[in-house]
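# Give me a model of this one.
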Amino acid sequence: MTRSHPKKRNNSVDMDIEASTFSSTASISTALSSTSSLPPGPSGLPVVGSAFEYKGPQTNLKWTEQYGPIYYVRMGEKSLVYLNTIELVEKYMEGRNGEQFLDRPMGPAAFGEGLLFGSGERWKNNKRAFMKAMHTNTLLEDMESAVQTELAIVLENLHKKAAKGRPTRIGDLLLPACGNVVSGFLLGGSLPRFCPERESLHMIIKNLQGVDLNSKLTQITLKYPKMREPLKRLTFRDIVDVHGTSRRLQRLIRQWIRQTRTGFIFRSHTSSTPSTQCPFHFNSPAANTSAEHANTGDKRLSLSTPQSNTNAAASSDNEVSGVTDESSEAIKTPTNEMSPGNEFTNLAGHSEADQQEGTDEDSTDSDEDIFKTPITPGSLTKHYISTESLLTVPKDDTRAEEIMQNEAQLTSLGFSSVAPGEQPFEPMEPSALVDTPDCPKTPITEFQWQFGREMSINEQHFSILQRILSQPEFAGVTEENDEELLQSLVDMFFGGVTTVLSALEFVLMYLSKNTTMQMLAQQEIARVLAAEAERVSDDPTAQADIKVTWSMREQMPYLRACIIEGLRLGSVTPSSLPHVASVETEIEDFIIPKNTFVLAGIYSLHRDPKEYLDAHEFRPQRHLDSEGKLTVPRSYRPFGVGARRCVGETLAEMELFIFTAAILQEFNVKSPARSKKASAMETHMRIVHRLKDFKCVLEKRK
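Sure thing, here's the model as predicted:
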């Protein structure tokens, strides 16, 4: 039985958006108290609606096949409208019409608007600040530095597992790397294995990836946190403490913010072994004679980046020489060291000896101690970074032209081109907008985070976190009012860790089930690396350091096609996060009341038979043209839709490419004996769509 009402306007809509509870991408919706002109959909049962019928994104696909490209479904008191074709998504959720669906409800355990679930002016300010901070020519370098550092650790652990020859849950080994890539990207250097902060981050993200938002117990404890312990005892089931995990992540991030603002983060660009360097150095009492910081107990955070990814540290030999009289003076007067044009002085440049790995992954997270970092109130509002140096164009026109001569640079960073002379984030009159693919269509949906002038050269090589803190939107923020800053940074971890982890698992799973396609990808990788070895044949040092880099992606179209196909079928975000109608509007012939939740059915988009022949089959070649060049499908939306798509999309793509290529270069990824076919592999909804129990056998390649 389906529901299809005649077209009728109804302005008396009583909404009840429950801020902290949403069960999954199918149960996020709006409560409508009266009937309106809604699309057809399953009728469901009284009170509970279709909640018992829903089994995950496969149910969304079944409803799409049954009710068509747009359907309505009720889950309990709540209602949703799904758009399931690329034509509907482009028409109503992207471009000009997408502006009316920009809002979102509050997310789970949210304490601010943030990037993922924010709405209105606060969300726009947050996204504007983050996009401006990342609008720098050093962004790709910072990203790849973080990825390559974590990759070295991952490969070392994978080799240990491969030597045992037993099926491995590869996701368990990839999880810490995914979290540390985000922290390394923010801080401008990696947190090595052997420090409390890295271990704490591992425990935090391990809790995050176990959150089951489809669980009724999780929903209850999200809304009523005090019910968690009684429910655990009553049901004999573990329930992840989402609120507590979020608080622990907040404390860790706030510690990084304190150290960044006080000038106590120092980076060594010349370390060739960043994975073995402890990032925190405790200065002796004699060295720290500053009246302001004498009793604070602050740790001096010393980060390192791979030597091969260094541009801005050619003269940093003196920075890693240890604590000197001059550097002691720098502690006394941090403002002098943080003035524009000066590099950081490294107070902790000495590498720690490599240690035996001793982290017990099954141990529980210790709570308060490692996050307590006393600090004087005065230091919280000090800013030693020049905002002007981050936002103005370089004075050297030749260098600017060299960097900006290829428009693809902006495109690779996620910024589209705009008309010459337009200033970043300046509002435009609606009459000035041109509705063409090359120009912005709306001042909110697309224009406000596009840029019309050159990127910052960032000669001081400030980290992304430093640049974020230097934006006007966060310049006056203290710990008394830092909710938006913290929520946005927490969102980067929520959105950036489990999504990439799940995507890697799906790609490797499909390749393990399709050995011929895996072999073709490995042959492509080998050809590119052999060509690179030939190119640098006269330089023995360069030959010894040949590895897969982001710059090689254009030479590996088949590997990228495999990744796209894995993301298409995996659909780690089976639907977009909910977009809330800011006004009453129409979609096709249906009236959509104000505050209705509208979602893009990404799982259905990625399996649309009109777009994909044999849509359920893993066929990377479908993404290559007759000349073997990569073609991205029109309906491919793995990172969301419209202006609400993920700000870390480029980082995720880089991480997926480099990790997948490096793993295939080193190993054959085999499916265990008597394992299920790819189409029969079980999945479940956690924060994102995950494989339920993916194991593979790693065989070292000769």
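# so where's the stretch 501-650 of the chain shaky on pLDDT?
Scanning the stretch 501-650 of the chain for pLDDT under 70 picks out the ranges 542-544.
# Could I get the full set of helices for it?
Under the criterion DSSP state H, counting those that start in this stretch, helices of the stretch 501-650 of the chain are mapped to 515-535, 540-544, 557-570, 602-605, 649-666.
# quick one: which of these is nearest residue 44?
helix 602-605 (19.2 Å; Cβ to Cβ). (Glycine included, C-beta is placed from N, CA and C.)
# quick revisit: need the helices of the stretch 501-650 of the chain in TSV with distance to residue 143 and mean neighbour count, can you?
Listed next are the helices of the stretch 501-650 of the chain as TSV, based on distance: least, Cβ to Cβ, whole Å; neighbours: other Cβ atoms under 10 Å:
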stretch	distance to residue 143	mean neighbour count
helix 515-535	20	15
helix 540-544	22	10
helix 557-570	16	24
helix 602-605	24	27
helix 649-666	5	22
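# and residue 148, which of the ones you listed is closest to it?
Judging the helices of the stretch 501-650 of the chain by Cβ to Cβ, what sits closest to residue 148 is helix 649-666, at 7.0 Å.
# What is that closest one packed up against?
helix 139-164, helix 170-187, helix 498-513, helix 515-535, helix 557-570 (3 or more Cβ pairs under 8 Å, 6 or more residues apart in numbering; DSSP states H and E).
# So which elements touch the helix or strand following the second one?
Following helix 170-187 in sequence order, the next helix or strand is helix 196-209 (DSSP states H and E). Using 3+ Cβ pairs under 8 Å, 6+ apart as the contact test, the elements touching helix 196-209 are helix 170-187, helix 242-261, helix 483-496, helix 498-513.
# picking up where we left off before, so which of the helices of the stretch 501-650 of the chain gets nearest residue 130?
Closest to residue 130 of these, according to Cβ to Cβ: helix 649-666, at 12.0 Å.
# Sheet-wise, list the partners of the helix or strand just after that closest one with their directions.
Following helix 649-666 in sequence order, the next helix or strand is strand 667-670 (DSSP H and E). Sheet pairing for strand 667-670, assigned by DSSP bridges, gives strand 697-700 (antiparallel).
# Give the buried residues for the partner strand.
Neighbour counts over strand 697-700 (16 or more other Cβ atoms under 10 Å) mark 697-698 as buried.
# Need the contact partners of it.
With Cβ atoms under 8 Å, 6 or more residues apart in numbering as the test, strand 697-700 has contacts from 158-159, 161-163, 165-168, 170, 666-672.
# re the thing from before, out of the helices of the stretch 501-650 of the chain, nearest to residue 250?
Across the helices of the stretch 501-650 of the chain, closest to residue 250 is helix 649-666 (Cβ to Cβ), at 21.3 Å.
# Now do that closest one and helix 170-187, the angle between them.
Per axes from the mean of the first three to the mean of the last three Cα atoms, to 10 degrees, the angle that helix 649-666 makes with helix 170-187 is 130 degrees.
# a markdown table for the helices and strands packed on helix 196-209, including distance to residue 464?
Formatted as a markdown table, these follow (distance: least, Cβ to Cβ, whole Å):
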| stretch | distance to residue 464 |
| --- | --- |
| helix 170-187 | 5 |
| helix 242-261 | 10 |
| helix 483-496 | 10 |
| helix 498-513 | 17 |
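# Residue 212: which of these is closest?
Closest approach to residue 212 among the helices and strands packed on helix 196-209 (Cβ to Cβ): helix 242-261, 10.1 Å.
# how much does the closest one deviate in direction from helix 483-496?
With the same axes, to 10 degrees applied, the angle from helix 242-261 to helix 483-496 works out at 110 degrees.
# For residue 118, find the nearest of the helices and strands packed on helix 196-209.
Distance to residue 118, taken as Cβ to Cβ, is lowest for helix 483-496 among the helices and strands packed on helix 196-209, at 7.7 Å.
# Check which helices and strands that closest one is in contact with.
The contact analysis (3+ Cβ pairs under 8 Å, 6+ apart) places helix 483-496 against helix 120-133, helix 170-187, helix 196-209, helix 242-261, helix 464-470.
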